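> For reference, the sequence and a predicted model appear below.
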Amino acid sequence: MQSTRTDTQRIYELLESVDDPEIPVLSIMDMGIIRDVGIDNGKVTVKITPTYTGCPAMDMIGMQIKAALGEAGYEADVLTILAPAWSTDWMSETGKQKLRAYGIAPPMPKQSVCNDRLFAAEEAIQCPRCDSWHTHRISEFGSTACKSLYQCDDCKEPFDYFKCH
Amino acid sequence: MNTPLIQYTLHLADNALILGQRNAAWCGHGPVLEQDIAITNISLDLIGQARNFYQYAAALKNDGSTEDSLAYLRTEREFMNCLLPEMPNGDWGQTILRQFFFSAYQHQLYTRLQSSPDAQLAAIAAKALKEVTYHLRWSSEWVIRLGDGTDESHARMEKAVDALWAYTGELFMPAVYEKIPQAVDPSVLAAAWNEKVSSVFNEATLQLPAQTYMHSGGKTGTHTEEMGFLLTELQYVQRTFPGCEW
């Protein structure tokens, strides 16, 4: 099979259907972890990059990619690449909107938290439920490596913030 | 035969794995839920780093080794981690202080390792540095909270300093495999590490200990008595059911 532009497009469409196992509202395309798709002699290579070094979802994502492409008749290899390191800036705008609708505050566009200053002023994070900016951080670490825990001071709802990285 | 580059990669992996294993023992036992989650998140990041380094070491060895065989089937003398990560958890204060000492070291190390002529070591370091920055900030804040906290928390932090200080010097004593061009010479990290520790201790109202004898040996496989017990637990399943998989 010769590689064609159409094949590549088709593969990207299929990758849109693969969800992040830990945040199922996002596709892996939304997450910005697909770095490259190559086709050589009918053999597909998908390059992915982890969000966090220890992210336990990566193995699962690799299997899901192979399965999704396999069902469509593509034999695929999944390669993990580390450089350049993933950043929340690579998350799509659609992805950020989906996160918000799901109840997770999306990452702020520019990093101001990811520094080593102590007791640094926190970013204002908007409550994904009631839109209040009157929120505070409960914990720098949350239910997964990529999130920290906040609470809204107006509606009192605790929520996850997908921290900038 | 392991080349110095393989030994160096294993040393980086072992440091991360052993501290990750120590921190993981807090799972379900943290003083409050949020901090239980924090220390286990740090554990997850460290084990992730270890996996990256082991995978690279296995590729370099090219003898059938895998990340799993390197973690689960080497003996105590083959582990090249520093002594600090294998120190017991003690109380929360001792765990926090060990993390702070180690994160301050890793932060300096990975900042430089990002520019290693070895592309894979550089990539792993650049990736992990983002996470280590969180670890360092979190552990620094906790050293300050506890040191400058109550009489009880201050006393416990002093005890932790006494227990751990003599294991910090080894971090900066270069082993033979740390003298290759791909590695960072750890002796150049000491000044910045001391500066960081001094400034945090100052805010935490803790005294830096006087010059003391510094233990070493971990980097070349001579460990404390803690290490055998740690590996027994870490390797139990693979030793009991060889080759078992999830």
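Cool, got the structure. Numbers count the residues shown, from 1 in each chain, chains lettered A, B, ... in the order given.
> shaky segments in the chain?
Here I'm looking at chain A. A:1-5, A:110-117, A:120-122 (pLDDT under 70).
> actually chain B
B:1.
> Does stretch B:106-115 reach chain A?
Yes - Stretch B:106-115 lies within reach of chain A by CB under 8 Å from any CB of the partner chain, at residue B:107. The way it works is simple: take the backbone N, C-alpha and C, and place the C-beta from them, glycine included.
> who touches residue A:62 in this structure?
Neighbouring residues of residue A:62 by CB atoms under 8 Å, 6 or more residues apart in numbering or on different chains: A:48, A:78, A:80.
> ok, the closest residue to the first one other than its chain neighbours - contacts?
Spelled out, it's residue A:48. Using CB to CB, 6 or more residues apart in numbering or on different chains and skipping the chain neighbours, the partner closest in space to residue A:48 is residue A:33 (5.2 Å). With contact taken as CB under 8 Å, 6+ apart, residue A:33 is in contact with A:48, A:49, A:50, A:51, A:61, A:86, A:90.
> next one: phi and psi at whichever residue of chain B sits closest to chain A?
Relative to chain A, the nearest point of chain B is residue B:48 (2.5 Å; CB to the nearest CB). Main-chain dihedrals, residue B:48, degrees, to the nearest 10: phi -60, psi -40.
> what about it, how many neighbours?
Per other CB atoms under 10 Å in any protein chain shown, the neighbour tally for residue B:48 reads 24.
> Please report the distance of the residue sitting furthest away from the middle of chain B from residue B:142.
Residue farthest from the centre of chain B, counting by CA atoms, centre = their mean, is residue B:151 at 28.9 Å. Counting by CB to CB, to the nearest Å, the gap from residue B:151 to residue B:142 is 17 Å.
> Equivalent analysis for residue A:83, please.
Between residue A:83 and residue B:142 the computed distance is 31 Å (CB to CB).
> Show me which of these two is the more surrounded one.
Neighbour totals were compared for residue A:83 and residue B:142, and residue B:142 leads with 23 against 15 (other CB under 10 Å).
> who's in contact with the more buried one?
Residue B:142 sits next to B:96, B:100 when contact means CB under 8 Å, 6+ apart.
> what about 7 Å?
residue B:96 (CB atoms under 7 Å, 6 or more residues apart in numbering or on different chains).
> Quickly find the element holding it.
Assigned by DSSP states H and E, residue B:142 belongs to helix B:119-147.
> Which parts of that helix count as buried, going by neighbours?
Within helix B:119-147, the residues that qualify as buried are B:120-144, B:146-147, counting by 16 or more other CB atoms under 10 Å in any protein chain shown.
> How about stretch A:44-64?
Within stretch A:44-64, the residues that qualify as buried are A:44, A:46, A:48-55, A:57-58, A:61-62, A:64, counting by 16+ other CB under 10 Å.
> Max pairwise distance over these: which two?
A:44 and A:54 (27.2 Å; CB to CB).
> what comes into contact with stretch B:81-88?
Applying CB under 7 Å, 6+ apart, the set of residues contacting stretch B:81-88 is B:11, B:14-15, B:18-19, B:22, B:98, B:101-102, B:164, B:167-168, B:170-171, B:215, B:217-219, B:223-224, B:226-227, B:230.
> Apply 6 Å and report the result again.
Contacts to stretch B:81-88, defined as CB atoms under 6 Å, 6 or more residues apart in numbering or on different chains, come from residues B:14-15, B:18-19, B:98, B:102, B:167, B:170-171, B:215, B:218, B:224, B:226-227, B:230.
> Would you state the helices of chain A in chain order?
Along chain A, counting by DSSP state H, helices occupy A:5-16, A:28-31, A:57-71, A:93-102.
> Any buried residues in stretch B:56-65, and which?
B:56, B:57, B:58, B:60, B:61, B:65.
> check which helix or strand covers the closest residue to the fifth one other than its chain neighbours.
The shortest distance from residue B:61 to any non-neighbouring residue, by CB to CB, 6+ apart, is to residue B:6 (5.9 Å). Assigning secondary structure by DSSP H and E places residue B:6 in helix B:4-24.
> Show me which positions of that helix end up buried.
By 16+ other CB under 10 Å, the buried positions in helix B:4-24 come out as B:5-24.
> Check stretch B:101-121 too.
Buried residues in stretch B:101-121, counted by 16+ other CB under 10 Å: B:101-114, B:116, B:118, B:120-121.
> Tell me how far it lies from the chain's centre.
Mean C-alpha position of stretch B:101-121 versus that of the full chain (CA atoms, centre = their mean, to the nearest Å) differs by 13 Å.
> Using CSV, write out every CA atom in it.
The C-alpha trace of stretch B:101-121 is given here as CSV (Å, rounded to 0.1, in the frame of the first residue of the first chain):
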residue,chain,number,x,y,z
PHE,B,101,17.3,17.3,50.2
PHE,B,102,16.8,15.0,47.3
SER,B,103,14.6,17.3,45.2
ALA,B,104,17.0,20.2,45.7
TYR,B,105,19.8,17.9,44.4
GLN,B,106,17.7,16.6,41.5
HIS,B,107,16.6,20.1,40.5
GLN,B,108,20.3,21.1,40.1
LEU,B,109,21.2,17.8,38.4
TYR,B,110,18.4,17.8,35.8
THR,B,111,18.9,21.4,35.0
ARG,B,112,22.4,20.6,33.8
LEU,B,113,21.6,17.1,32.5
GLN,B,114,19.2,18.7,30.0
SER,B,115,22.3,19.8,28.1
SER,B,116,24.0,16.4,28.1
PRO,B,117,25.5,15.4,24.8
ASP,B,118,23.5,12.2,25.2
ALA,B,119,20.1,13.1,23.6
GLN,B,120,18.1,10.5,25.5
LEU,B,121,19.5,11.5,29.0
